[in-house]
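A.B. asks: Let me see the structure of the following:
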Amino acid sequence: MRDPFLNFLLLLVIGIVAGVVFDRVAGPGWLARQFTGPRSLITSALVGIAGSFVGFHIAVLLTLAGVYAGYVAAAVGALIVLFLWRAIR
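C.D. replies: This is a model prediction of the structure:
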């Protein structure tokens with residue numbers, strides 16, 4: 001893989017982007033966002049970050065081949081964790 005610091009930054013970015021996009025697409029409506037404020041957006045970004053780390057490390061444990069396979073797995077992991085978090089909540 002790459003430099004550990006670069007991996008860390010890329011996983012943060014992947015998780016934040018996945019969380020923000022997921023919150024905008026599957027999150028509460030516009031009116032509900034006006035009353036709850038940015039808390040749901042921040043929470044979704046944090047859950048997305050956790051999911052990206054989980055997906056990346058599962059890909060590393062499974063030794064998936066390819067240069068970008070870990071980052072694709074991070075994005076998929078972030079989306080899965082966000083979906084499960086939203087379904088439970």
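A.B. asks: could you list every residue that touches the closest residue to L82 other than its chain neighbours?
C.D. replies: Leaving aside its sequence neighbours, L82 sits nearest to F22 (C-beta to C-beta, 6 or more residues apart in numbering; 4.6 Å). Bear in mind the C-beta positions are built from the backbone N, C-alpha and C, glycine included. Contacts here follow C-beta atoms under 8 Å, 6 or more residues apart in numbering; on that basis F22 touches 44, 48, 79, 82-83, 86.
A.B. asks: Kindly write the ChimeraX command that selects the buried subset of these.
C.D. replies: Selecting only the buried entries of these in ChimeraX, with 16 or more other C-beta atoms under 10 Å as the criterion:
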select :44,48,79,82
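A.B. asks: F8: which of the contacts of F22 is nearest?
C.D. replies: Proximity of the contacts of F22 to F8 was ranked by C-beta to C-beta; the top entry is G48 with 14.8 Å.
A.B. asks: Next one: the residue nearest to L82 from L41, what distance?
C.D. replies: For F22, the distance to L41 equals 10 Å [C-beta to C-beta, to the nearest Å].
A.B. asks: One more: A75?
C.D. replies: Taking C-beta to C-beta as the measure, A75 and L41 are separated by 18 Å.
A.B. asks: Which residue of these two possesses the greater neighbour count?
C.D. replies: Shown here are A75 and L41; by other C-beta atoms under 10 Å, A75 has more neighbours (19 against 16).
A.B. asks: Is that one in contact with G55, as I believe?
C.D. replies: Yes: the pair A75 / G55 is scored as a contact, 7.1 Å apart, by C-beta atoms under 8 Å.
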